[in-house]
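Trainee: Okay, here's the prediction I keep looking at, along with the sequence it came from:
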Amino acid sequence: MNRTAQRLVECLGRHQIKVVLAESCTCGRAVAALGTVSGVSQFLCGGLVVYRLESKSQWLGLDPAWLAQVSTESLACSQALAHAALVHTPEAQFSLAITGDLGPAASPDKQGRVFLAAAQRHGAHEEPKPCGSLEISLQTADRLSRQNEAAQSLLQFGLELLQ
């Protein structure tokens, strides 16, 4: 994960882009990996760990009724997280977001599915626009491995979008 974080920070530097992350199921692992890279403070605005519905609602302004309707573990939710993170972080031009269900209590059809999304804007007053989303099924089985795999996937996703 650290090599991917290094490459993403280098890419942010080449493009002179600042990023913010909104993480649910990964509990901040992706932003923590970025934080290990020397010089990241020029490009990393911060990260929001919005694990619970209430945090998504109170910190990012997402409607709790809407979240309950679409599910906090959905592509729609991750897209809303990416958008809201940029809205609430005016200095950033790019955002990455992740949500999903790592189990083990999840139903078999949801377990190990994560949803990635990104948004971008060119100016501080421009409305963020979606620039990518992806649903993936994790290959690992235990919770910690899934969190690490999901965080790695989010960083790789951001890198691929910016390259």
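Mentor: It's in.
Trainee: What helix or strand is the residue sitting nearest the centre point of the chain located in?
Mentor: For the chain, the residue nearest the mean C-alpha position is A97 (2.0 Å; Cα atoms, centre = their mean). Using DSSP states H and E, the element containing A97 is strand 94-101.
Trainee: quick revisit: residue contacts, the residue nearest to the centre of the chain?
Mentor: Taking Cβ atoms under 8 Å, 6 or more residues apart in numbering, we find A97 in contact with 21-24, 78-79, 81-82, 85, 116-119. (Each C-beta comes from the backbone N, C-alpha and C, glycine too.)
Trainee: from these, which is closest to G35?
Mentor: L21 (10.6 Å; Cβ to Cβ).
Trainee: What distance do you get for that closest one to D142?
Mentor: 23 Å (Cβ to Cβ, to the nearest Å).
Trainee: So between these two, which is more surrounded?
Mentor: Taking neighbours as other Cβ atoms under 10 Å, L21 and D142 compare with L21 leading, 31 against 11.
Trainee: Angles on the backbone of the more buried one, please.
Mentor: phi -120, psi 150 (degrees, to the nearest 10).
Trainee: returning to what we had before: out of the contacts of A97, which sit inside strands?
Mentor: 21-23, 116-119 (DSSP state E).
Trainee: Those: which two are farthest apart?
Mentor: E23 and A119 (14.5 Å).
Trainee: what's the closest non-adjacent residue to S74?
Mentor: Counting by Cβ to Cβ, 6 or more residues apart in numbering, S74 lies nearest to F115, which is 6.1 Å off, once chain neighbours are set aside.
Trainee: can you tell me how far the closest residue to T89 other than its chain neighbours sits from R52?
Mentor: Leaving aside its sequence neighbours, T89 sits nearest to V20 (Cβ to Cβ, 6+ apart; 4.2 Å). Using Cβ to Cβ, we find V20 at a distance of 19 Å from R52.
Trainee: Right, I'll call it a day here.
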